[in-house]
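Visitor: need a 3D model of the following:
(one chain, ligands or ions: 2)
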Amino acid sequence: MIEVKNINKTFGGRHITQNFSCTFEKGKTNLIIGESGSGKTVLLKCIVGLTEVDSGEVLYDGQNFLKFNAKEKQNLRKEIGMLFQGGALFDSKTVEENIMFPLAMFTDMTEKEQKERADFCLSKVNLSQAGDLYPSELSGGMKKRVAIARAIAPNPKYLFCDEPNSGLDPKTSILIDKLIKDITEEFQMTTIVITHDMNSVMEIGEKVVFICKNQKWWEGTNQTILDTDNKELQDFIYVSKFLKELKDKKTNA
Ligand SMILES: Nc1ncnc2c1ncn2[C@@H]1O[C@H](COP(=O)(O)OP(=O)(O)O)[C@@H](O)[C@H]1O
Ligand SMILES: [Mg+2]
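Guide: Numbers count the residues shown, from 1 in each chain. Ligands and ions are numbered 1, 2, ... in the order given. Presented below is the predicted three-dimensional model:
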C-alpha cells in the first residue's frame, strides 16, 4: 500500500501538484487520469522520488520514503518496477538480455538464475519465443510487453506505469491493460497506472483518481465514474460527442 499525504510541488512558483492525498492499495491497479499537462507524470515522479516535493509525505507500507537516507532509498528502489513513457529497451541487447539487465544491476542472481527469471517473465507476457530477438524486430505491443517483463523481473512490490498504452492500437492497448491487471493481482503488487485512455479506465479502473486544476478532483471506480455529476470529469470522459449522445440515450431509455 502507498499512502500519499498532502504533496505539494511547484515549478518556478507555479503549482503543479496541490495538496494531493490518496491511498493506493495492494493487489489493485490504481489509475491516475487527467488531461495532458495536468501534472500526472510530475505526481508519479514525486511518489517515486525522481522529483523532490516541496512538502508532503509518501508512505510505502507505512514508511515515509521522503525521510529515508540514501541507503534506505536505494533499497526501496529495488522494490519498484517502472514503465515510463517512451521507456526504451536497449536496442543492442536481445529481449532476454534486456530483462536480465535489472537483475544483474539489483540482485545477486547468477547469470543462469537471471536467464531463468527472464524466461519466466517472458512467459508471463506471452513472449516465450521472443528471447533471442532484438527490439528492432518487435512490434510496438511486443516492445511494451518486454518492457513490462523487465519491470516485473526483480519481483517488485510496487509497479508504476506512465501511459503504457501510448502509441498502441485499441486492441493491443486492452491486452496490455489486462496484462498489467493480471500480474498486479498475481504478484500482489501496488500498481499505479497513468492514463488518459477511457478504455483503460473502464477495463481496469478498480480505483480511479482524476486530476484537474492541479488537484485531486474526483476519486472512484470504473463502476461509478459514468454516473458522476462532476462537470470537469464529465468533460474529460465525454470528449467524444458520440459517447455523450450514447450516454444520454441510455439515460433517457
Ligand atoms: N522539470 C520541470 N520544470 C518545469 N515545469 C515542469 C517540469 N516538469 C513538468 N513541468 C510542468 O508541469 C506540468 C505538468 O506536467 P506533466 O506532469 O508532465 O503533465 P501530464 O499530466 O501530461 O503528465 C506541465 O505544465 C509541465 O510543463
Ligand atoms: Mg505525462
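Visitor: what does the protein put close to ligand 1?
Guide: When proximity is defined by CB under 6 Å from any ligand atom, the chain lies next to ligand 1 at F11, I16, G34, S36, G37, S38, G39, K40, T41, V42. Glycine gets a C-beta too; all of them are placed from N, C-alpha and C.
Visitor: can you do 5 Å?
Guide: F11, I16, S36, G37, S38, G39, K40, T41, V42 (CB under 5 Å from any ligand atom).
Visitor: among those, which two are most distant?
Guide: Using CB to CB, the residues of the chain next to ligand 1 span at most 16.3 Å, a distance reached by F11 and S36.
Visitor: save the residues of the chain next to ligand 1 as a markdown table, and put in secondary structure, neighbour count and distance to N222 too.
Guide: Compiled in a markdown table, those are given as follows (DSSP: H, G, I helix; E, B strand; the rest coil; neighbours: other CB atoms under 10 Å; distance: CB to CB, whole Å):
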| residue | secondary structure | neighbour count | distance to N222 |
| --- | --- | --- | --- |
| F11 | strand | 12 | 32 |
| I16 | strand | 20 | 27 |
| S36 | coil | 8 | 21 |
| G37 | coil | 9 | 24 |
| S38 | coil | 22 | 19 |
| G39 | coil | 23 | 22 |
| K40 | helix | 23 | 18 |
| T41 | helix | 19 | 22 |
| V42 | helix | 20 | 25 |
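Visitor: all helices of the stretch 101-250 of the chain, in order?
Guide: Secondary structure of the stretch 101-250 of the chain, counting by DSSP state H, counting those that start in this stretch: helices at 111-124, 140-152, 170-186, 198-204, 231-237, 241-252.
Visitor: buried ones in the fourth one, by neighbour count?
Guide: It refers to helix 198-204. By 16 or more other CB atoms under 10 Å, the buried positions in helix 198-204 come out as M198, S200, V201, M202, E203, I204.
Visitor: ok, the longest one next?
Guide: Neighbour-count burial for helix 170-186 flags T172, S173, I174, L175, I176, D177, L179, I180, K181, I183, T184 (criterion: 16+ other CB under 10 Å).
Visitor: and for the fifth one?
Guide: Burial within helix 231-237, assessed by neighbour count using 16+ other CB under 10 Å, is assigned to L233, F236, I237.
Visitor: closest to ligand 1 out of those residues?
Guide: Ligand 1 lies nearest to F236 out of the buried residues of helix 231-237, by CB to the nearest ligand atom, at 11.9 Å.
Visitor: I'm done for today, thanks for sticking with me.
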